[in-house]
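In: Here is the input, now give the coordinates:
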Amino acid sequence: MKMLNKVAAAAFGLAMLGGPAIAEFPERNIQIMYPWAPGATMAASQVIADAMGQKLGVNISVVSTPGAGGVKAFETALAAPADGYTLFDGYVAPLVLQPMQGNADWSYTDFTPLWSATSNAFAIAVRADEDRFADVTALLDHAAANPGDLRYSPGSAGALPHMVAAKVMQTTGAVAQLVPYPEIDNAVRDLRGGILDFIVINPGVYNINKDDVKILSVLSTLDRSSETYGGAPLIGAAGIDMGMSNLSPMGWDWWLVHKETPADVVATLQAAMGEVVNDPTVQKKLLDMGYVPTLFSPDQYQEIVGPVAKELQGGIDAISWEKEKLDAL
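Out: Have a look, this model is predicted:
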């Protein structure tokens, strides 16, 4: 009987050695939950997803899940298992702004970072034939000396471009009449028509309308942001410190996973994404689309994302300052 037991044990061991190997991540396709309707930023995420999928040997699909200012996409991803097969396309609105405003019950610390993806800086633009203002200093000086004389639009009132513009104007004492639009594309039309004196534009809209506008200043501290506006100067070149740095004054996304995702899965995803965003070919594709690869590593997540909420609060406060100034005119 003892001999039979030994033979059975040996047979079991050989069967295990000859059996299938333990599966390694990823075994199947991955999806990343994108918080907006399909558009240019989704295409930028798909560039990264396609390259990353090639590294991992699977397909990575970017799934548009719009709703509630990005909250719906995060809730959908949070409901999925923490196994690395569902990623978060962590845009600033659902990751930072919505929790700040009490519309989401998470913090940026509730997720594990992969790599930062892209950013799109905003810029102050005037008509291509504008001859009153040689540079952004001249425009802001005029708006400070003549409060309410100029009319401008950042697109939607209260949104991120408005926060950034209001912060710049508060810093310089400039006051201009706010004219909100549902879409910044409509503001471009009225800029051309002379109804507006300047607008706060993004790279996608700039690329479509570059023959009709002139960029006075790019509202960013990241050097490569000027590349998406034909080499236009950054706001710092005018000696203006708007109190927002790195990712704070712009749109951006950082790819994330569930906090409980296994460490080996996280390491695999981080390694693949790191290779992709540092690939010059991928970077050129993104820059040609108007998006700057930000190249912040997982280890920099806390130091880069941590200050964003505080600096964006400065932008919210600047909008209140702007309203008080306009109400007093």
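In: Show the average pLDDT along the helix ranked longest in the chain.
Out: Criterion DSSP state H: the longest helix present in the chain is helix 308-327. Mean pLDDT, computed over helix 308-327, is 95.
In: what pairs with the residue nearest the centre of the chain across the strands?
Out: Closest to where the C-alpha atoms of the chain average out (Cα atoms, centre = their mean) is residue 252, at 1.1 Å. With DSSP bridges applied, residue 252 shows beta-bridge pairing to residue 119.
In: Residue 122 is in contact with that one, correct?
Out: No: in this structure residue 252 lies outside contact range of residue 122 using Cβ atoms under 8 Å: 11.5 Å. (Glycine included, C-beta is placed from N, CA and C.)
In: Show me where the protein has its helices.
Out: 2-18, 40-56, 71-78, 92, 98-100, 136-145, 160-172, 184-192, 203-209, 263-277, 280-288, 301-305, 308-327.
In: Throw the ones you listed into a markdown table and include mean neighbour count and distance to residue 216, thanks.
Out: Converted to a markdown table, these look like this (neighbours: other Cβ atoms under 10 Å; distance: least, Cβ to Cβ, whole Å):
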| stretch | mean neighbour count | distance to residue 216 |
| --- | --- | --- |
| helix 2-18 | 9 | 70 |
| helix 40-56 | 20 | 23 |
| helix 71-78 | 20 | 35 |
| helix 92 | 23 | 24 |
| helix 98-100 | 18 | 30 |
| helix 136-145 | 18 | 4 |
| helix 160-172 | 24 | 11 |
| helix 184-192 | 19 | 13 |
| helix 203-209 | 20 | 12 |
| helix 263-277 | 18 | 30 |
| helix 280-288 | 15 | 21 |
| helix 301-305 | 17 | 27 |
| helix 308-327 | 16 | 19 |
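In: Figure out which of these is closest to residue 242.
Out: Across the helices of the chain, residue 242 has its closest neighbour in helix 160-172 (4.9 Å, Cβ to Cβ).
In: now what about the closest one, what contacts it?
Out: By Cβ atoms under 8 Å, 6 or more residues apart in numbering, the residues outside helix 160-172 that reach it are 92-93, 97, 122, 124, 140-141, 143-144, 152, 154-156, 174-176, 178, 180, 184, 200, 202, 219, 235, 240-244, 249-251, 312, 314-316, 318-319, 321-322.
In: Equivalent analysis for stretch 103-114, please.
Out: 68-69, 71, 74, 78, 87-88, 90, 94-96, 98-99, 254-259, 261, 266, 269-270, 273, 298, 301-302, 305-306, 308-309.
In: Check stretch 291-310 too.
Out: 41, 44, 92, 95-96, 99-100, 108-109, 112-121, 203, 222, 224-225, 227-228, 245-248, 252, 254, 270, 274, 277-278, 282-283, 286-287.
In: let's see it at 6 Å
Out: For stretch 291-310, contacts defined as Cβ atoms under 6 Å, 6 or more residues apart in numbering pick out 44, 96, 100, 108, 113, 116, 118-120, 224-225, 246-248, 270, 277, 283, 286.
In: Select from the helices of the chain the stretch with the lowest mean pLDDT.
Out: Among those, helix 2-18 scores lowest, with a mean of 40.
In: Okay, domains of the protein per the record?
Out: 30-119+251-296, 123-246 (automatic domain parsing).
In: Would you format these as TSV with distance to residue 326 included?
Out: Formatted as TSV, these follow (distance: least, Cβ to Cβ, whole Å):
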stretch	distance to residue 326
domain 30-119+251-296	22
domain 123-246	7
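In: Which one of those domains lies nearest to residue 328?
Out: Across the domains of the chain, closest to residue 328 is domain 123-246 (Cβ to Cβ), at 8.6 Å.
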